[in-house]
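Engineer: Quick one: sequence plus predicted model below, questions after.
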Amino acid sequence: MMNLLQKVNVFCELTMYGREPGVIKRAIKLAKSKGNKIICETRGFDFEQKYGERGKGFIEGHHKTFLSKAADENGQETKPEDIALLCSNCHSMIHRRKPWLTIEELREIIEANN
Ligand SMILES: [Zn+2]
Ligand SMILES: [Zn+2]
């Protein structure tokens, strides 16, 4: 039985290689239904705008509720709301070192450096 942190790692790695668990597709659908573009949540990076047809629809998913008490260690289904849609750069920076950053912490770092 994997612990929650391992599960999040596996989940995030899958999305990094474009092998998307079904929940990513649902998260993308959810964003679209809200009228949002499928772009990075921290900096608005748009793969389609940068890479054209090849980048269309590409986004990585980060499991953002791993720290919350609501996250259930016993295999509760990941919900689309649990997923942050991120570009590859931002996602890699979150996982580069432990403890992992929250989306808000990453945003603060980006703002402080730009
Ligand atoms: Zn992640
Ligand atoms: Zn990004």
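Structural biologist: Thanks, I have it. Ligands and ions are numbered 1, 2, ... in the order given.
Engineer: Which helix or strand in the protein has the lowest average pLDDT?
Structural biologist: Every helix and strand in the chain was compared by mean pLDDT, DSSP states H and E; the lowest is helix 4-16, with a mean of 83.
Engineer: Surely Arg62 is within a helix?
Structural biologist: Careful, residue 62 is His; it's not Arg. No: remark: His62 does not belong to a helix; assigned using DSSP: H, G, I helix; E, B strand; the rest coil, it is strand.
Engineer: Give me the distance from the least confident helix or strand of the chain to the chain's centre.
Structural biologist: 10 Å (Cα atoms, centre = their mean, to the nearest Å).
Engineer: how about that helix, does it get close to ligand 2?
Structural biologist: No: if you take Cβ under 5 Å from the ion as the test, helix 4-16 misses ligand 2, and the best it gets is 12.8 Å. All C-beta spots, glycine's among them, are computed from the backbone N, C-alpha and C.
Engineer: Report all helices and strands that that helix contacts.
Structural biologist: Counting contacts by 3 or more Cβ pairs under 8 Å, 6 or more residues apart in numbering; DSSP states H and E, helix 4-16 packs against strand 60-63, helix 88-96.
Engineer: Could you tell me which residues within it count as buried?
Structural biologist: For helix 4-16, burial by neighbour count (16 or more other Cβ atoms under 10 Å) applies to Leu4, Lys7, Val8, Asn9, Phe11, Cys12, Thr15, Met16.
Engineer: mind saving the C-alpha coords of it as CSV?
Structural biologist: Taking C-alpha atoms only, helix 4-16 is exported to CSV below (Å, rounded to 0.1, in the frame of the first residue of the first chain):
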residue,chain,number,x,y,z
LEU,A,4,-0.3,9.4,0.2
LEU,A,5,2.9,11.1,-0.6
GLN,A,6,4.0,8.3,-2.9
LYS,A,7,0.6,8.2,-4.5
VAL,A,8,0.8,11.9,-5.3
ASN,A,9,4.2,11.4,-6.8
VAL,A,10,3.0,8.7,-9.1
PHE,A,11,0.0,10.8,-10.0
CYS,A,12,2.1,13.9,-10.8
GLU,A,13,4.7,11.8,-12.7
LEU,A,14,2.1,10.3,-15.0
THR,A,15,0.9,13.7,-15.9
MET,A,16,4.4,14.9,-16.5
